[in-house]
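Engineer: sequence and computational prediction follow.
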Number of protein chains: 4
Amino acid sequence: MRSSRLEAFSDGVLAIVITVMVLGLAVPKGETFTALWHTTGLGLLTYLLSFIYIGIYWNNHHHLFQLHPQVGGGVLWANLHLLFWLSLYPFTTAWLTETRVALVPTVIYGVNLLGAAIAYSILQAVIIRRPGGQRLREALGRDVKGWISPFLYVLGIGLAFVVPWLGLVPYIAVAVLWLIPDRRIERYIQAHPNDEE
Amino acid sequence: MRSSRLEAFSDGVLAIVITVMVLGLAVPKGETFTALWHTTGLGLLTYLLSFIYIGIYWNNHHHLFQLHPQVGGGVLWANLHLLFWLSLYPFTTAWLTETRVALVPTVIYGVNLLGAAIAYSILQAVIIRRPGGQRLREALGRDVKGWISPFLYVLGIGLAFVVPWLGLVPYIAVAVLWLIPDRRIERYIQAHPNDEE
Amino acid sequence: MRSSRLEAFSDGVLAIVITVMVLGLAVPKGETFTALWHTTGLGLLTYLLSFIYIGIYWNNHHHLFQLHPQVGGGVLWANLHLLFWLSLYPFTTAWLTETRVALVPTVIYGVNLLGAAIAYSILQAVIIRRPGGQRLREALGRDVKGWISPFLYVLGIGLAFVVPWLGLVPYIAVAVLWLIPDRRIERYIQAHPNDEE
Amino acid sequence: MRSSRLEAFSDGVLAIVITVMVLGLAVPKGETFTALWHTTGLGLLTYLLSFIYIGIYWNNHHHLFQLHPQVGGGVLWANLHLLFWLSLYPFTTAWLTETRVALVPTVIYGVNLLGAAIAYSILQAVIIRRPGGQRLREALGRDVKGWISPFLYVLGIGLAFVVPWLGLVPYIAVAVLWLIPDRRIERYIQAHPNDEE
């Protein structure tokens, strides 16, 4: 089964998730910079953070399917599972913003980030188990960033109980960590040109 | 006529239907777990159920067009008819949630599920009648799951008149039934490799 | 320039227009069939009508680009012009529904339908003027449905001034007229198989 | 890496941004032409302006990737950066409309236009620096329109401080300037047919 339709569907969902989050930005009541800052300032920052996360997942998803893995029922559902967690971002981002980073919404936002990270790991593992998946495993290597991210999310959830705002620090750290594009798969393709279709 | 544009359009509609349902999740008024549970708990469960349904239709739709059927005006409209029913999921899901699973909304949700199931059967039948459709008929075999689902929806509609919540049991049963991916068409392709283009 | 990206973009816009119209369906306040009928009954009917229109445009758009016309700046803008009119359907449909088919909203809905029809004619004319467009002109023949539709829209706008509801009759007539799929281009391709790339 | 998935994702985001802006159009409270004009008149004009901008970016984006540039991590993020600015159009357009073109919202709208223009320049520069990007630089030539647009946006932001409405004049001028399709890349391809893959 070709992976192209799976990629197109995922692109569609991610494109909509990004744009739907803008609908969560409250239009200021007044017409001053102060009104903009009070009504939307924080919303713009949380939107930017969630936008970067979706961008990271889109980039990595793109890379994951670059080695043309075989796509079966398991991969389809593992992918839908990831999309489910990502589709909740507009909701958890909106709650985080409206409560101005209160304790529970910060924890729930972290749980959402953690859920997506776990779903991504499952998708990766399912692809690796398919015929031809061995190449993805080799390309990923030790996958340090993949292992460290969940721990940072859990750290953020823990720190939120101290001071809610503090919980955002590890969340932002993960985003910065992944903003540096993952060249492992590109490097693998360059080193193994004959493997590529 | 190529089926690729029909698939891309359907992917687009399904991707948006999934994401639009998240807009139906009310952001909690308070900032506690209790507020989350009271405002959104049920909404998350009904969202999950409808998400799984859309995922099932996307998977099966994907399979339906894997044998590259000829696409004519009849298939286009049968497909739009299916998309019409699926596009109503955000509406019926939201009503089900807001009334906390009252009688009539549970019935209407079941009618929506039933309508989509019938539309899918019509689409399948229209494809089978097209030149080359015989292969799809052979791949589908006796189609037990396809026949049993409408009866389970009708059962759910009936049970809703006893206790509304009870109506959800057969609906959920159908989702579980289809979560197990349909390997019939994959198996058919493996058994008839020369048929595939 | 390939037309594939233009088609993909148009599919995206039409898929979203269809789904956004569902957001216009008000969720009933009560939990009875009566509440459903009063709050959403009319909305479902106008949604169905607009859904069919979008479906018709999608089908015809699909046919228009089946002969692989050359795509230049003119075609891109003529296509965006069509998408602009179609993107207003959710708005004019919502107003028509909320005023329960009052005079002015019925007129404006007709103006929207008329604007889209004119934009479609312009797109067709622009494609015909491009190199290779002669084939589309031959395939279209006398284009009776294309010529009669704007007159029916104008008739509907006129009838709305007598009784608003009466204006919907010609609008619905156009939808029925086009529901019968347009086989001219398919027939042309079958008759001129060598022309096709 | 193929640019096709990047193009598909961008198409998705732009298609949704366009359609989401329609959700910002307030449905008139009354059912008269006066009600339509008062509630939605200005909204239709600002929607049209933003629609044209998105159309321009879509057209130019289309052209940018026509020479099949190599796509790496840098291009992916430069593209996401552009999409971020474009995704804010529904928000800034809605604020501009609701305040009936007040000073600060006009300035912020200009900042949004300017941000997108700068992001587009960065994307262009990143593509030019990639292997094979030299061809894009040659095709673009002196890029007068690309250089003049940011100055017009800054002029608009400045004029807004005199009379808010006056700020819209340079914004509209940029839209008109770009409405004339950019034939540089098409001309380059015609002049260098062998360069094209």
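Structural biologist: Perfect, thanks for sending it.
Engineer: when you work out contacts or count neighbours from here on, use the C-alpha atoms and nothing else.
Structural biologist: Will do.
Engineer: could you report the pLDDT at the one residue in chain A that gets nearest to chain B?
Structural biologist: Nearest to chain B, among the residues of chain A, is A:Val13, at 4.9 Å (Cα to the nearest Cα). Turning to A:Val13, the model gives it a pLDDT of 93.
Engineer: next, count neighbours for the nearest residue to it once chain neighbours are set aside.
Structural biologist: Counting by Cα to Cα, 6 or more residues apart in numbering or on different chains, B:Ala15 is the residue found nearest to A:Val13 once chain neighbours are left out, at 4.9 Å. Residues lying near B:Ala15 (other Cα atoms under 10 Å in any protein chain shown) number 28.
Engineer: what's the helix or strand where B:Ala15 lies in contact with?
Structural biologist: Assessed by DSSP states H and E, B:Ala15 sits inside helix B:4-23. Helix B:4-23 is contacted by residues A:5, A:8-10, A:12-13, A:16-17, A:20, A:87-88, A:90-91, B:47, B:51, B:54, B:58, B:62, B:65, B:76, B:83, B:86-87, B:89-90, B:93-94, C:8, C:11-12, C:15-16, C:18-19, C:23, C:62 when judged by Cα atoms under 8 Å, 6 or more residues apart in numbering or on different chains.
Engineer: also stretch A:88-105?
Structural biologist: By Cα under 8 Å, 6+ apart, the residues outside stretch A:88-105 that reach it are A:17-18, A:20-21, A:24, A:42-43, A:46-47, A:50, A:106, A:108-109, A:112, A:160-161, A:163-165, B:22-23, B:25, B:27-28, B:30-33.
Engineer: so what would you say the end-to-end distance of that stretch is?
Structural biologist: End-to-end distance of stretch A:88-105: 13 Å, with Cα to Cα, to the nearest Å as the criterion.
Engineer: how about the residues of chain A by chain B?
Structural biologist: Neighbours of chain B within chain A, by Cα under 8 Å from any Cα of the partner chain: A:1, A:5, A:8-10, A:12-13, A:16-17, A:20, A:73-74, A:76-77, A:80, A:84, A:87-88, A:90-91, A:94-95, A:99, A:102-105.
Engineer: let's go with 6 Å and repeat that
Structural biologist: A:Phe9, A:Gly12, A:Val13, A:Gly73, A:Trp95, A:Val104 (Cα under 6 Å from any Cα of the partner chain).
Engineer: tell me which of the residues you listed is nearest to B:Gln124?
Structural biologist: Of all the residues of chain A next to chain B, A:Gly73 has the smallest distance to B:Gln124: 19.9 Å, by Cα to Cα.
Engineer: give me the pLDDT for A:Phe91.
Structural biologist: For A:Phe91, pLDDT reads 94.
Engineer: name the helix or strand for it, please.
Structural biologist: Secondary structure (DSSP H and E) places A:Phe91 in helix A:89-98.
Engineer: pick out the residue of chain A closest to chain D.
Structural biologist: A:Ala15 (4.9 Å).
Engineer: sorry, back to before: could you pick out the buried ones from the contacts of helix B:4-23?
Structural biologist: A:8-10, A:12-13, A:16-17, A:20, A:87-88, A:90-91, B:47, B:51, B:54, B:58, B:62, B:65, B:76, B:83, B:86-87, B:89-90, B:93-94, C:8, C:11-12, C:15-16, C:18-19, C:23, C:62 (16 or more other Cα atoms under 10 Å in any protein chain shown).
Engineer: mind listing the strands for chain A?
Structural biologist: Applying DSSP state E to chain A gives no strands.
Engineer: residue in it nearest to chain C?
Structural biologist: Counting by Cα to the nearest Cα, chain A gets nearest chain C through A:Gly12, at 8.7 Å.
Engineer: what's the angle from the biggest helix by length in chain A to helix A:89-98?
Structural biologist: Ranked by residue count, the top helix of chain A under DSSP state H comes out as helix A:103-129. With axes from the mean of the first three to the mean of the last three Cα atoms, to 10 degrees defining the directions, helix A:103-129 sits at 160 degrees from helix A:89-98.
Engineer: off-centre distance for helix A:103-129?
Structural biologist: 8 Å (Cα atoms, centre = their mean, to the nearest Å).
Engineer: A:Val162: how many residues sit nearby?
Structural biologist: 11.
Engineer: likewise for the one 5 residues further on?
Structural biologist: A count of neighbours around A:Gly167, defined by other Cα under 10 Å, yields 26.
Engineer: wait, it touches A:Gly158, no?
Structural biologist: No: if you go by Cα atoms under 6 Å, A:Gly167 and A:Gly158 don't touch, sitting 7.2 Å apart.
Engineer: write out the residues of chain A neighbouring chain D.
Structural biologist: A:Asp11, A:Ala15, A:Val27, A:Thr32, A:Pro181.
Engineer: swap the cut-off to 8 Å and go again
Structural biologist: So chain A meets chain D at A:8, A:11-12, A:15-16, A:18-19, A:22-23, A:25, A:27-28, A:30-33, A:51, A:55, A:59, A:62, A:66, A:181-183 (Cα under 8 Å from any Cα).
Engineer: if we can go back for a sec, narrow the contacts of stretch A:88-105 to those that are buried.
Structural biologist: Among the contacts of stretch A:88-105, those classed as buried by 16+ other Cα under 10 Å are A:17-18, A:20-21, A:24, A:42-43, A:46-47, A:50, A:106, A:108-109, A:112, A:160-161, A:164-165, B:22-23, B:25, B:27-28, B:30-31, B:33.
Engineer: farthest pair in the residues of chain A next to chain B?
Structural biologist: A:Gly73 and A:Val104 (35.9 Å).
Engineer: ok now do A:Phe161, which residues does it touch?
Structural biologist: Applying Cα under 8 Å, 6+ apart, the residues near A:Phe161 are A:Leu103, A:Gly167.
Engineer: okay, now the residue lying closest to A:Arg187 once chain neighbours are set aside: neighbour count?
Structural biologist: Spatially, and ignoring its direct neighbours in sequence, A:Arg187 is nearest to A:Ala139 (7.9 Å; Cα to Cα, 6+ apart). Around A:Ala139 there are 20 other residues, counting by other Cα under 10 Å.
Engineer: ok, now A:Ala191?
Structural biologist: 11.
Engineer: swap in A:Lys145?
Structural biologist: 12.
Engineer: what about it, distance to C:Glu7?
Structural biologist: To C:Glu7, A:Lys145 is 38 Å away according to Cα to Cα.
Engineer: list the buried residues in stretch A:127-139.
Structural biologist: Neighbour-count burial for stretch A:127-139 [16+ other Cα under 10 Å]: A:Ile127, A:Ile128, A:Gly133, A:Arg135, A:Leu136, A:Arg137, A:Ala139.
Engineer: now those as TSV including pLDDT and distance to B:Ala175?
Structural biologist: Shown next, in TSV, are the buried residues of stretch A:127-139 (pLDDT from 0 to 100; distance: Cα to Cα, whole Å):
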residue	pLDDT	distance to B:Ala175
A:Ile127	89	24
A:Ile128	88	27
A:Gly133	77	29
A:Arg135	78	34
A:Leu136	80	32
A:Arg137	81	33
A:Ala139	77	36
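Engineer: kindly reformat the residues you listed as JSON lines and extend each row with distance to C:Gln190.
Structural biologist: JSON lines is the format used below for the buried residues of stretch A:127-139 (distance: Cα to Cα, whole Å):
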{"residue": "A:Ile127", "distance to C:Gln190": "43"}
{"residue": "A:Ile128", "distance to C:Gln190": "46"}
{"residue": "A:Gly133", "distance to C:Gln190": "44"}
{"residue": "A:Arg135", "distance to C:Gln190": "46"}
{"residue": "A:Leu136", "distance to C:Gln190": "46"}
{"residue": "A:Arg137", "distance to C:Gln190": "49"}
{"residue": "A:Ala139", "distance to C:Gln190": "49"}
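Engineer: now for these, which pair is the farthest apart?
Structural biologist: Once Cα to Cα is applied, the buried residues of stretch A:127-139 give A:Ile127 and A:Ala139 as the farthest pair, at 12.7 Å.
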